[in-house]
Structures are given as structure tokens and as C-alpha cells.
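[1] after the sequence you'll find the predicted model.
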Amino acid sequence: MNFETHTFPSRRSNVVALNGLVATSQPLAAQAGLDILKAGGNAVDAAIATVATLCVVEPTSTGIGGDAFALIWQADEGKLYGLNASGPAPQGLTADLVRDQGHSHFPALGALPVTVPGAVRGWELALARFGSMELDKLLAQPIQYARDGFPLSQRIAAAWARSTEKMSRHPDSRRVWLPHGRAPRAAERFQNPEFAQTLTTLADEGPDAFYLGDIGRQIADCVQAAGGLLTQDDLAQYQAEWVEPISVDFGDGFAFYEIPPNGQGLTALLALNLAGQFDLRALGYGTADYYHALIEVMKLAFADAHTYIGDPRQVDVPVAGLLSAAYTQTRAAQVNMAQAQPPTAGQPPRHGDTVYLTMADGNGNMVSWIQSLYMGFGSGLTAGTTGVQLQNRGANFSLEPGHPNEVAPGKRPYHTIIPGFITHNGQAWSSFGVMGGFMQPQGHLQVGLNLALWGMDPQTALDAPRFNWLQGMEVALETAVSILPGAGAPLSIHTGLTRRGHTIKDNEHPMSFGGGQVIVRDPATGVLIGGSEPRNDGAAVGW
């Protein structure tokens with residue numbers, strides 16, 4: 001790792017620690033997780049405390065009405081575990097029902113896209129297997145913030161204001177999230193006593209209170225009153241599950257790990273596999289050739305992901321075929337280094353708005369955790385007097401007959417949220433993630449290469465400018481991409497990509513390029529090095 005070679009505009013430095021480190025998108029949440037580590041908790045305990053606090057202080061992006069995924073490294077076993085806590089569609093929801101209501105695409109707002117919230121069962125499963133503290137201890141700080149209030153950061157206040165119209169449509173959402181008839185402003189205190197009571201109930205009674213008790217009843221009543229189909233039985237039947245992470249070897253001892261479908265982690269691995277077919281070092285970091293190659297492999301990866309990813313409990317997802325060496329070589333050969341091309345899916349051989357957080361403890365355990373409502377404030381619905389906003393994850397379902405991701409009863413949708421993990425020579429090396437919808441696998445590709453291929457430290461890897469492929473030939477570039485050190489003339493990348501047929505979109509919002517967090521652990525010394533996204537309010541803290 002080189003701390004000197006790459007420098008990009010940022011006011012942040014790496015955080016270096018020995019006993020524990022937490023990195024996430026809100027400083028109050030990062031501190032809550034660190035407090036748990038200082039009190040003797042492990043990385044999983046800290047993860048639950050951190051994400052529960054995020055549910056309070058960043059409600060625009062996450063809540064217990066959403067889903068979660070995690071990759072958990074257990075040092076004493078030398079093993080990485082995958083956790084899928086994404087919920088399915090209601091048993092009464094069918095594609096014909098949605099189409100009969102006049103929809104050609106799955107709606108993004110209201111009751112229809114509300115799927116079973118899986119996050120709380122995910123907390124339960126992770127704590128039962130790897131936690132060392134009780135849930136009431138981990139929820140103490142978020143309960144206090146919800147009850148007594150917290151001041152909004154500038155970015156959260158701006159995101160909140162953008163959701164004003166959405167939240168004003170539903171009476172309980174309007175009452176909870178728009179006090180005084182408007183969104184709270186930056187540095188204003190916001191209190192959510194109803195959510196404080198909900199968290200207190202969870203602390204006292206456990207997750208069953210959410211899925212089997214009055215909280216679940218209010219969730220089901222809310223969805224049904226708004227025209228949806230979620231029932232108490234749907235909630236009662238739900239369980240999170242352990243899954244086997246999928247991975248690709250990238251050379252030099254590095255292996256990249258992701259959660260398998262129904263998540264889009266496969267997309268990141270497809271892109272990494274394809275990128276590995278090019279001599280990226282020869283292309284040179286920050287050149288038009290380098291960005292062109294990554295954009296083109298990203299297109300191919302997305303084309304395959306959108307064609308084949310579905311819920312593996314109901315459809316065959318050809319993961320092994322998509323990641324096979326032969327298929328990778330075939331797809332890489334389709335990249336034209338002189339000309340951008342529209343994305344098309346291949347034929348693989350067949351075989352039998354979001355928060356991200358990462359933490360590591362002093363014993364070598366690491367957690368990569370991501371949790372989301374999907375779009376800002378999810379569906380726009382808030383369940384009764386619970387203070388719980390409900391996700392709209394069903395918006396990612398397809399209505400195309402026969403598509404692997406076509407909505408069906410009890411089926412989990414294609415999921416955008418993905419935690420990432422890198423090992424080096426078989427040992428835990430980096431826990432990382434980049435939140436932001438379909439930017440996430442693109443962020444994993446770019447930040448992951450910055451770390452493993454280019455040797456950047458965590459903060460530099462996050463500071464480095466990014467691209468975001470949007471659709472077709474359109475790609476957004478951060479302004480700084482045009483002025484990378486050693487990249488030639490200031491407009492060399494912009495001009496070089498335009499010459500190849502890319503349509504460049506400038507002036508995109510900084511958060512269009514994702515929000516990442518990275519922890520790297522030196523296996524030889526145990527030193528933890530953390531970086532946090534400069535494009536949002538994130539913080540890395542350690543001790």
C-alpha cells in the first residue's frame with residue numbers, strides 16, 4: 001500500500017487504529033459503533049449498534065422497514081460468512097395483478113412495491129451466531145437519539161427536503177417526517193418518539209415483536225390500507241438466511257467476495273473478471289483507455305445481470321457459468337477498445353437510497369454491512385404509530401413474462417445493495433462498500449481496483465474520481481476525472497471517451513457517484529486503516 005503516490009482533493013485523512021475501527025455515512029452512528037467496541041463488544045455487535053443508529057439519524061436512506069446484507073469475517077475460523085436479510089414479495093402479489101392495474105413497469109411508490117422488511121431478522125441471525133452483547137445494550141444509543149433528538153447534517157437535510165412531496169402524500173408519513181409542515185433543516189433537532197418506542201419494544205421483547213406483534217400488525221394494516229397486499233402472515237413466515245459468498249480471484253493473491261443473487265454482487269464480480277482480461281497497468285491509471293475499458297466491461301456485466309439475476313429459490317441463476325473462464329474470455333473479446341458499444345447480454349453455460357457500514361475489532365473480525373429502504377424514504381409509507389418507514393424494494397421486480405426477476409408470490413427481487421470484501425493470500429484484508437443503487441457494482445469495481453491493483457490507501461481509493469455508466473452510451477464523469485495527475489491535457493479523458501462514442505454527462509450530483517467506506521487490515525501487524533466517503537457526511541473512527 002502506497003500512502004504517497006496518489007493524491008486527490010479531499011480534506012480527509014486515513015484513520016489508523018489497533019483496537020477497533022468503524023466507518024459509515026454518519027458520524028453519530030460511527031461513534032455509536034465505536035462505543036460498543038470500547039465496551040468490549042465485537043465487530044458484529046458494533047455493526048448492529050451502528051446500523052440501528054443509522055436508522056435514526058439517516059432515515060432518508062435506511063430503517064428497520066428495509067432489507068440488509070452482510071459479509072462477516074470470523075478470525076478464529078478464518079472464514080467469511082454471507083447473510084441475506086432481504087424480504088420477499090407478499091404471497092398475494094402476482095405479475096398479472098400488477099399488469100391488470102395498468103402498469104407496464106413495476107411502480108416505485110405506494111403500497112405495491114412494499115416487500116417484507118428483512119433487516120431485523122438479519123440483526124437477529126447475526127447476533128445469535130456471532131454477537132457477544134444483548135440487543136437492548138446495542139439499541140440504547142439509537143433509542144436515546146430517537147427520543148431526545150439529534151441535529152440534522154447538511155446532506156441529510158437536503159435529501160429530506162427532496163422527499164417532501166413523497167412524504168406529504170401519506171398522513172402518518174407527513175406527521176412523523178414533516179413536523180411543522182416541512183422537512184427539518186440542517187442543524188435543526190429532530191425527534192421521533194414513536195420510533196424510540198418501537199426500538200424500546202425491540203430491545204425488551206426481541207425481533208419477534210416486529211414480525212409477530214403489534215409492530216407487524218401496524219405494518220400490514222398500513223400497506224393494506226394503501227392498496228397493497230402485505231399481510232401479517234407474510235411477516236410471520238419470514239426468516240433471514242446464511243448464504244455462501246461468491247468470489248473471483250484477481251491475481252497477486254487478491255480475491256474479491258460478494259453476496260450471491262438475489263443481490264447484484266454478481267455484477268461487480270462479472271466486471272472484475274472482465275477487467276482482469278486487460279493489461280490495466282499498461283493502459284495506465286486515469287487514462288481514457290483505462291476508463292473506456294472499465295466502462296465497457298461494466299456495460300457487459302450489467303447486461304448479463306439484468307438478464308439472469310433473480311431469486312435462486314425460484315429460478316436458475318447461472319452463477320458458475322457467468323463467472324467461468326471460458327465465458328469471461330468470450331465476453332472480454334467483445335470489447336472494442338476503439339469504439340463504445342451498446343450493452344448486450346451473452347449466453348453463459350449453465351451450471352447445476354442506502355447506508356453502508358464497515359467495522360473491525362481488535363481480534364481480527366470484520367463486518368461489511370449494507371441496509372436500505374431503496375429510494376429516499378422508500379415507498380413513502382410510514383406504519384401507524386411505529387415511526388417505521390417502509391421500503392419500496394419491489395420496484396426492482398420485472399413485469400416481463402418469464403423473466404428471472406418477474407414478480408411472483410414469495411419471491412425476492414433483484415437487489416441493488418451489496419457489501420464487498422477482499423482477502424489477500426487467504427486472509428482478511430479489506431471490508432468495503434459503495435452505496436448508491438446501480439452505482440454500487442461500479443463503485444466496487446473502481447474502488448476495489450484502486451485498492452488491490454493500484455495500491456492506494458483507503459482514503460485515496462475513495463477520494464479518486466469515478467465514472468457512473470447511466471444507460472446506453474451515456475456515462476457520467478466527475479469533474480476531477482479530467483484533471484487526474486499524469487492523465488495528460490485537462491480534457492484528455494473527456495475528449496478521448498467522446499471520440500470513442502461515449503456520451504459524457506457532466507455536472508452530475510456528487511452522490512451520483514456513490515458513497516463508500518473502506519477498512520484495510522494489515523494481516524502482519526493487525527493495524528486497521530480506514531477511509532470514509534468525501535462526497536457525503538461519512539466518518540471513520542477508531543481506537
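    Yep, it's here. Residues are numbered from 1 along each chain as shown.

[2] would you map the helices across the stretch 201-350 of the chain?
    208-211, 214-225, 232-237, 265-275, 280-283, 288-308, 319-322, 325-332 (DSSP state H, counting those that start in this stretch).

[3] meant to ask about the stretch 1-150 of the chain, not that
    Counting by DSSP H, counting those that start in this stretch, the helices of the stretch 1-150 of the chain are 27-38, 43-57, 95-100, 119-130, 135-138, 140-148.

[4] quick check: which of these is buried the most?
    helix 43-57 (a mean of 30; mean count of other Cβ atoms under 10 Å). Every C-beta, even on glycine, is put in place using the N, C-alpha and C of the backbone.

[5] quick one, which of the helices of the stretch 201-350 of the chain gets closest to residue 32.
    Judged by Cβ to Cβ, the one of the helices of the stretch 201-350 of the chain that comes nearest to residue 32 is helix 208-211, at 20.2 Å.

[6] so which residue is dead centre in this structure?
    residue 417 (3.4 Å; Cα atoms, centre = their mean).

[7] how much space is there between the closest residue to residue 400 other than its chain neighbours and residue 60?
    Leaving aside its chain neighbours, residue 400 sits nearest to residue 406 (6.1 Å; criterion: Cβ to Cβ, 6 or more residues apart in numbering). Per Cβ to Cβ, to the nearest Å, residue 406 is found 30 Å from residue 60.

[8] do you know how far the spatially closest residue to residue 514 that is not a sequence neighbour is from residue 538?
    Spatial nearest neighbour of residue 514, chain neighbours left out: residue 436 (3.6 Å); criterion: Cβ to Cβ, 6+ apart. Separation of residue 436 from residue 538 (Cβ to Cβ): 13 Å.

[9] shared neighbours of these two, anything?
    residue 515 (Cβ atoms under 8 Å, 6 or more residues apart in numbering).

[10] export the helices of the stretch 1-150 of the chain to CSV and append columns for mean pLDDT and distance to residue 277.
    As requested, the helices of the stretch 1-150 of the chain are arranged in CSV below (pLDDT from 0 to 100; distance: least, Cβ to Cβ, whole Å):
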stretch, mean pLDDT, distance to residue 277
helix 27-38, 98, 38
helix 43-57, 99, 35
helix 95-100, 97, 37
helix 119-130, 99, 35
helix 135-138, 98, 44
helix 140-148, 99, 45
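
[11] how deep is the nearest residue to residue 407 once chain neighbours are set aside tucked in, by neighbour count?
    Nearest residue to residue 407, sequence neighbours excluded (Cβ to Cβ, 6+ apart): residue 397, at 3.8 Å. Neighbours of residue 397 under the rule other Cβ atoms under 10 Å: 27.

[12] same thing with residue 416?
    21.

[13] nearest residue to it in space, please, no chain neighbours.
    Using Cβ to Cβ, 6+ apart, the closest residue to residue 416 is residue 437 (5.2 Å).

[14] mind checking pLDDT for that neighbour?
    On the pLDDT scale, residue 437 is placed at 87.

[15] neighbours of it, how many?
    Neighbours around residue 437, by other Cβ under 10 Å: 18.

[16] tell me how far it lies from residue 108.
    With distances taken as Cβ to Cβ, residue 437 is found 12 Å from residue 108.

[17] likewise for residue 280?
    37 Å.

[18] again, but for residue 19
    For residue 19, the distance to residue 108 - Cβ to Cβ - is 43 Å.

[19] now residue 315
    From residue 315 to residue 108 the distance is 23 Å (Cβ to Cβ).

[20] what does residue 116 give?
    The separation that residue 116 has from residue 108, given Cβ to Cβ, amounts to 18 Å.

[21] and these two? Which one has more around it.
    residue 116 (28 against 17).

[22] how many neighbours does the residue lying closest to the more buried one once chain neighbours are set aside have?
    Nearest residue to residue 116 in three dimensions, chain neighbours excluded: residue 87, at 3.1 Å (Cβ to Cβ, 6+ apart). Close neighbours of residue 87, defined as other Cβ under 10 Å, add up to 28.

[23] ok, residue 402 next?
    Neighbours around residue 402, by other Cβ under 10 Å: 8.

[24] where does it fall, helix, sheet strand or coil?
    Following DSSP: H, G, I helix; E, B strand; the rest coil, the label given to residue 402 is coil.

[25] roughly how far is stretch 300-316 from the heart of the chain?
    Put simply, stretch 300-316 sits 18 Å off its chain's centre (Cα atoms, centre = their mean, to the nearest Å).

[26] could you find the closest non-adjacent residue to residue 253?
    Nearest to residue 253 is residue 425, by Cβ to Cβ, 6+ apart, at 4.3 Å.

[27] neighbours of that neighbour, how many?
    Neighbour tally, residue 425, other Cβ under 10 Å: 10.

[28] which pLDDT value goes with it?
    97.

[29] ok, now how distant is it from residue 249?
    For residue 425, the distance to residue 249 - Cβ to Cβ - is 11 Å.

[30] same check, this time on residue 12
    31 Å.

[31] before we move on, the earlier item: adding distance to residue 164, write the helices of the stretch 1-150 of the chain out as CSV.
    Listed next are the helices of the stretch 1-150 of the chain as CSV, based on distance: least, Cβ to Cβ, whole Å:
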stretch, distance to residue 164
helix 27-38, 23
helix 43-57, 19
helix 95-100, 27
helix 119-130, 25
helix 135-138, 32
helix 140-148, 21
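
[32] out of those, which is closest to residue 185?
    helix 43-57 (15.2 Å).

[33] and the closest one, how far from the chain's centre?
    That offset, for helix 43-57, works out to 15 Å (Cα atoms, centre = their mean).

[34] then stretch 420-427?
    19 Å.

[35] next, the buried residues of that stretch.
    420-424 (16 or more other Cβ atoms under 10 Å).

[36] let's have those in TSV, adding distance to residue 476.
    Conversion of the buried residues of stretch 420-427 to TSV gives the following (distance: Cβ to Cβ, whole Å):
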residue	distance to residue 476
420	21
421	27
422	26
423	31
424	31
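
[37] among those residues, which are located in strands?
    Within the buried residues of stretch 420-427, residues falling in strands by DSSP state E are 420-424.

[38] low-confidence regions, the stretch 251-400 of the chain specifically.
    348-353 (pLDDT under 70).

[39] so what's the residue count around residue 338?
    Neighbours of residue 338 (other Cβ under 10 Å): 9.

[40] same thing with residue 77?
    9.

[41] and if you look at the one 5 residues further on?
    By the criterion of other Cβ under 10 Å, residue 82 has 23 neighbours.

[42] specify the beta-bridge partners of it.
    residue 71, residue 243 (DSSP bridges).

[43] same question, residue 415
    Under the criterion used (DSSP bridges), residue 415 bridges to residue 263.

[44] does it touch residue 86 like I think?
    Yes - using Cβ atoms under 8 Å, residue 415 is in contact with residue 86, at 5.4 Å.

[45] need the overlap of contacts for the two.
    67, 69, 262-263, 393.

[46] can I assume the residue nearest to residue 407 is in contact with residue 405?
    Yes - with contact defined as Cβ under 8 Å, residue 397 reaches residue 405; the gap is 6.2 Å.

[47] hmm, back to that, state the phi and psi torsions of the residue nearest to residue 253.
    Dihedral pair for residue 425: phi 50, psi 40, per degrees, to the nearest 10.

[48] who's in contact with residue 168?
    174, 178.

[49] measure it to residue 459 for me?
    Applying Cβ to Cβ to residue 168 and residue 459 gives a distance of 39 Å.

[50] and residue 415 and residue 86? Which one has more around it.
    residue 86 (29 against 24).

[51] just the pLDDT for the closest residue to that one other than its chain neighbours.
    Of all residues not flanking residue 86 in the chain, residue 67 sits nearest, at 4.2 Å (Cβ to Cβ, 6+ apart). We have a pLDDT of 98 for residue 67.
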